[in-house]
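curious how this folds, go ahead:
(one chain, ligands or ions: 1)
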Amino acid sequence: MDSPFEVLGVDPDADEAAVDRAYRRRVIETHPDQGGSVRAFRRVKTAYERIQAGYEPEESAPVEPTADESADAGDSDETEPAAEPDPTVDPDVGSRVEYLDYEVAVDQGWSLSDPELFDRAAAADLPTHVYGRFLAQPDETLLEAAEERGFAWPFACRGGACANCAVLVYDGELATPNDHILDDDLGERGFRLSCIASPVSAVLQVVFNVKHVPELEELLLPADRFDRRHR
Ligand code: FES
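Prediction:
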């Protein structure tokens, strides 16, 4: 059976940057939108996560798809399980998510560091596709929650590799089990990938569509490499 390094196509002694590059390349190659399968896509994700968790080459356990992965091979609608919910989230209620479109903030001349950013948005009579609130359940990623409520937030890979789905957490917490590409500085500043992050606070304020923040643009993989429908 292939080791995680073999799944990604890198040497066991490859450095972190090489592993990251290999992961992003393999995500594109195996993505269901590119003719790959959910099984292959998840196998790549699992391999990368094992390396991130400290996998040693002499480890004997092979990269095997989980029972869940095996069951849904060929089903492109399935997604990774979300993070365990934090006890601060009432599972009967969920997290109250307040959202704002980054482009609207830019158009309005609002700074992302403005402590009254969301007060300004609430007072601006904005349409609901750019500002509003919804409830997210603990077993959903933020991107899934937005889509379930009818919003078309940016995304591409759905695997934490392309940065198109990035959001900025203004208040509250989003748990990200395995953040593949955002460095510590971006993480500390509150950037998260909504395709793999789940709300773990009862109240959450996020600025979505932040992929054009200059620090993130260099991490972007073009969305049209996954599906031309994605923006
Ligand atoms: Fe690619 Fe989230 S959609 S990182």
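
next SSE downstream of the lowest-mean-pLDDT helix or strand in the chain?
Lowest mean confidence among the helices and strands of the chain (mean pLDDT, DSSP states H and E): helix 67-71, at a mean of 46. Going down the chain from helix 67-71, the next helix or strand is strand 95-101, by DSSP states H and E.

now do stretch 212-228: distance to the chain's middle.
Stretch 212-228 sits 13 Å away from the centroid of its parent chain (CA atoms, centre = their mean, to the nearest Å).

quick check, it touching the ligand?
No - using CB under 6 Å from any ligand atom, we find that stretch 212-228 stays clear of the ligand, coming within 7.3 Å at best. For the C-beta atoms, the positions are set from N, CA and C on the backbone; glycine is no exception.

name the element residue 170 belongs to?
Applying DSSP H and E, one finds residue 170 within strand 166-171.

same question for residue 186.
helix 184-188.

same check, this time on residue 119
Going by DSSP H and E, residue 119 is part of helix 117-123.

which residues touch residue 41?
27, 30-32, 159 (CB atoms under 8 Å, 6 or more residues apart in numbering).

quick one: which of these is nearest the ligand?
Of all those, the ligand sits closest to residue 159, with 6.0 Å by CB to the nearest ligand atom.

so which residues on the protein come close to the ligand?
So far as CB under 6 Å from any ligand atom goes, the chain lies against the ligand at 155-158, 160-165, 193, 195.

pipe the residues you listed into a markdown table and attach neighbour count, pLDDT and secondary structure per row.
As requested, those are arranged in a markdown table below (neighbours: other CB atoms under 10 Å; pLDDT from 0 to 100; DSSP: H, G, I helix; E, B strand; the rest coil):
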| residue | neighbour count | pLDDT | secondary structure |
| --- | --- | --- | --- |
| 155 | 23 | 94 | coil |
| 156 | 26 | 91 | coil |
| 157 | 27 | 90 | coil |
| 158 | 27 | 90 | coil |
| 160 | 26 | 88 | coil |
| 161 | 27 | 87 | coil |
| 162 | 29 | 90 | coil |
| 163 | 26 | 91 | coil |
| 164 | 25 | 94 | coil |
| 165 | 28 | 95 | coil |
| 193 | 28 | 95 | strand |
| 195 | 27 | 94 | coil |
